[in-house]
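Next comes the sequence, and after it the predicted model I'd like to discuss.
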Amino acid sequence: MAILVTGGAGYIGSHTVLYLNGLGEEVIVLDSLKKGHREAVRNAAFYQGELKDGDLLNEIFTTHQIDAVIHFAADSLVGESVEQPLQYYENNVIGTYHLVKKMVEHQVKKIVFSSTAAVYGNPVNVPIKEEDPTVPTNPYGETKLAIEKMLKWADDAYGLKSVCLRYFNAAGADLEGRIGEDHTPESHLIPIILQIALGQREQVSIFGNDYPTPDGSCVRDYIHVMDLADAHYLALKRLRAKEESSTYNLGNGTGYSVKEVIKACLKVTGENIKAVSAPRRAGDPAILVASSEKAKKELGWIPQYHELEQIVAHAWKWHQNNPSGYNAETIIKNI
Ligand code: UDP
């Protein structure tokens, strides 16, 4: 049976596709390529299109023997979601509605959903557990939570089984340096800092200096993208074996402040990183650190890459080899 991966040309999606390929799974990718990169997808049937394109989804579900979907396709920027909330409702909630409708029509009854720590908002406990309150502080988290709820009701009504994976901050890259993280424009902390190390950017703004954290900057839990890929595979394996819906946090369990991330990047790259204080970014909670005990216990998930410096080193390897990200020249170099 094949797995449909929506958003499989994006950062976490493409690493998961690569990982599934390595395990011998047949993978079909659907991606609009608005943000994803065609070059990031190898060894998978590829369809370019939108979730709302019912004819395309009919074609995919009738052409391939798909038993499960891993659903990444979404907008995922906290700051942008505060400025463009309707875009997030349209692309995330309505997009998923179209996908789920087609899954129900075609009797595809398993979905692994790419959710987020942003569903928690400002946590009441650190590390955060799955049963903690979900009160998002931005439309991104709000739309992901709405989808989690949609999937719960779809299970009750149609027997669609889902695993919702609430990731903390994905970072790093494929260990062999074949693919990596490339957003345009770049807004994520680690790639921004690495662009400074490459001489492509002058400085990084530290968004907020007055958070209730030890050094005043936001604390996040950085998890290696290949550990995330493994968790998707394990979630799928569990769905195939147990046909039971569930929700898991995926994080390292250790929080690093923005300033600590800058220090780690300085150490890995050996380059000076100029940082300046800037106002808080709208929608950012002060601290997001996961308890991933449930995923470890129930999925048998054992994250391999705990050290922030190791995670940054893998990202750095890809950035050094692909300073312009995915473009023709660098792809040739990589093959
Ligand atoms: N951040 C920052 N400067 C930047 C980009 C990000 O200080 O130029 C902070 C951001 O406020 C957050 C953390 O770094 O606390 C991680 O942000 P990122 O955008 O990488 O991921 P997110 O937490 O939004 O998923």
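Sure thing, it's come through.

Can you name the residues of the chain that neighbour the ligand?
Within reach of the ligand by CB under 6 Å from any ligand atom, the chain has these residues: 78, 169, 187-189, 192, 204-207, 218, 220, 258, 281, 284. (Glycine included, C-beta is placed from N, CA and C.)

In strands only, show me these.
169, 204-207, 220 (DSSP state E).

how about those, which pair is most distant?
169 and 205 (17.2 Å; CB to CB).

roughly how far apart are the nearest residue to residue 167 once chain neighbours are set aside and residue 277?
Nearest non-adjacent residue to residue 167, counting by CB to CB, 6 or more residues apart in numbering: residue 250, 4.8 Å away. Relative to residue 277, residue 250 is positioned 31 Å away (CB to CB, to the nearest Å).

So for those two, which residue has more residues nearby?
Neighbours per residue (other CB atoms under 10 Å) separate residue 250 from residue 277, with residue 250 holding more: 27 against 12.

What does that one show for phi and psi?
Phi and psi for residue 250, reported as degrees, to the nearest 10, are phi -130, psi 110.

Surely it and residue 168 touch.
Yes - between residue 250 and residue 168 a contact is recorded at 6.7 Å, counting by CB atoms under 8 Å.

list the residues that contact both of these two?
223, 290 (CB atoms under 8 Å, 6 or more residues apart in numbering).

circling back: got a list of what the residue nearest to residue 167 touches?
So residue 250 contacts 165-168, 223, 227-228, 231, 290, 292, 295, 301 (CB under 8 Å, 6+ apart).

try it again with 6 Å
165, 167, 223, 228, 231, 292, 295 (CB atoms under 6 Å, 6 or more residues apart in numbering).

from those residues, which is closest to the ligand?
residue 167 (8.8 Å; CB to the nearest ligand atom).

Pull out the buried residues from the residues of the chain next to the ligand.
With burial judged by 16 or more other CB atoms under 10 Å, the buried subset of the residues of the chain next to the ligand is 78, 169, 188-189, 192, 204, 206-207, 218, 220, 258, 284.

mind checking how far the residue in the stretch 101-250 of the chain that the ligand sits nearest to is from residue 144?
Across the stretch 101-250 of the chain, no residue is closer to the ligand than residue 218, which sits at 3.1 Å (CB to the nearest ligand atom). Distance, residue 218 to residue 144, by CB to CB: 19 Å.
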